[in-house]
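>>> quick one: sequence and predicted model below, then my questions.
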Amino acid sequence: MSEISTLTAARYGKDKVRVLRVVRDGSWHNIVEYYVTTLLEGDIDVSYTAADNSVIVATDSIKNITYYLAKVSPHVLNPERFALHIGTHILSKYSHIHKAFVTVQQVRWTRIPVDGTDAGHAHSFFRDGDDKRFVKVEVDATKGKDKLTATVTSGITDLLILKSSGSSFTNFIRDGYTTLQEVDDRIFSTSVDLSYTFSTISIPSPSDEAKLEFVIPQGSGGDVWDEGVSSRARKITLDVFAADSSASVQATLYKMAQQIVTEHAGIDSVSYSLPNKHYIAVDMKYIGLDNTTPSQAEVFMPIETPSGLISATVSRKK
Ligand SMILES: O=c1[nH]c(=O)c2[nH]c(=O)[nH]c2[nH]1
């Protein structure tokens, strides 16, 4: 059998390690809750082809490394830096592992507002949205353990939005397949998937035993991985969506992406994937009511499937 087939790709690791970390500053607490996925590539072929487990860092150990770094990493509150720390830690510890792919998905915990203060409660939080922040890093040691490079893609998923006016859709191709009416006012709803990619960075290998000394060079793009970028990208998405007189999902998407690239010098490209979640005005002629003339349409049927699916990437010109 080995003459006709060969192993051409192999990657393994632990998926969806859930962790909540509390960082205490006296009575003032910060929390993060993550789902962490860590997948590895390297000289691991024999584990598949020769049943040789001696090259396997057990996925259970990968889970334990995740919890260890959640406890000791100074980077734990920032998902980009935490993901990079996991990747660099594993690559510097295991000489036969050459690439680490780490995904950190962060669910929302926001401080409960307290009357009379701006900062909110010291240790009480609420879930103020189902959208998640995510980070995907690929740490690459194929050029040597002292020459690590990393690509970082961050973004938002599952941000559900709807506007009940300020959206039209006209002037599209009309032919024998067309049943859709042109409309100058309609509901526009979508669940935003947004990702943005930073310029590739190089990372000096950590030198201390616990691998905590982990420096991202200034000006490498790392300086833009603060809360600011993520919350600004979310705010731009919401603001453009609300304010735009939308000619189509495509046209609104483009404006959102352009604004993120324009505002953030460290971001190379921005991608959106936007399902067009359709709401159909219920025909109420059966009871003598007009609910289909656009200005009279008030009762709508949400349609789960099918939906349009509009995606695009907007990149900085080189
Ligand atoms: O904004 C839209 N873009 C489309 O491509 C499309 N197609 C469609 O049927 N409705 C819409 N709406």
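Yep, that arrived.

>>> what about Ser195, neighbour count?
When neighbours are counted by other CB atoms under 10 Å, Ser195 registers 19. In this view, the C-beta of every residue, glycine as well, is placed from N, C-alpha and C.

>>> please apply the same query to Thr66.
When neighbours are counted by other CB under 10 Å, Thr66 registers 24.

>>> which residue, other than its chain neighbours, is closest to it?
In space, and not counting its chain neighbours, Thr66 is closest to Val17: 4.6 Å by CB to CB, 6 or more residues apart in numbering.

>>> mind checking how far that neighbour is from the ligand?
Distance of Val17 to the ligand, computed by CB to the nearest ligand atom, to the nearest Å: 38 Å.

>>> in the stretch 151-300 of the chain, which spans are strands?
Ranges of strands in the stretch 151-300 of the chain, per DSSP state E, counting those that start in this stretch, are 188-198, 201-203, 267-276, 279-281, 300-302.

>>> hmm, back to that, now the residue nearest to Thr66, what's its secondary structure?
Recorded secondary structure, Val17: strand (DSSP: H, G, I helix; E, B strand; the rest coil).

>>> ditto for the one 4 residues further on
Recorded secondary structure, Arg21: strand (three-state DSSP).

>>> number the chain from 643, please
Renumbered: residue one is now 643, and that last one reads Arg663.

>>> partners of it in the sheet?
Counting by DSSP bridges, Arg663 forms beta bridges with Val674.

>>> that one reaches Val718, doesn't it?
Yes. Using CB atoms under 8 Å, Arg663 is in contact with Val718, at 5.2 Å.

>>> which neighbours do these two share?
Taking CB atoms under 8 Å, 6 or more residues apart in numbering as the contact criterion, the common neighbours of Arg663 and Val718 are Val674, Ala712.

>>> so who does Asn933 touch?
Ala923, Val924, Asp925, Met926, Ala939, Glu940, Val941.

>>> keep only those of these that are in helices.
Judged by DSSP state H, the subset of the contacts of Asn933 located in helices is empty.

>>> turn these into a markdown table, columns for neighbour count, distance to the ligand and pLDDT.
Listed next are the contacts of Asn933 as a markdown table, based on neighbours: other CB atoms under 10 Å; distance: CB to the nearest ligand atom, whole Å; pLDDT from 0 to 100:
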| residue | neighbour count | distance to the ligand | pLDDT |
| --- | --- | --- | --- |
| Ala923 | 19 | 14 | 96 |
| Val924 | 14 | 19 | 98 |
| Asp925 | 12 | 18 | 97 |
| Met926 | 15 | 23 | 97 |
| Ala939 | 20 | 16 | 95 |
| Glu940 | 12 | 21 | 97 |
| Val941 | 12 | 20 | 98 |
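
>>> stretch 710-718: which residues count as buried?
Within stretch 710-718, the residues that count as buried by 16 or more other CB atoms under 10 Å are Leu711, Ala712, Ser715, His717, Val718.

>>> I meant stretch 914-930, not that one.
Here stretch 914-930 shows Tyr914, Ser915, Leu916, Pro917, Asn918, Lys919, His920, Tyr921, Ala923 as buried, counting by 16+ other CB under 10 Å.
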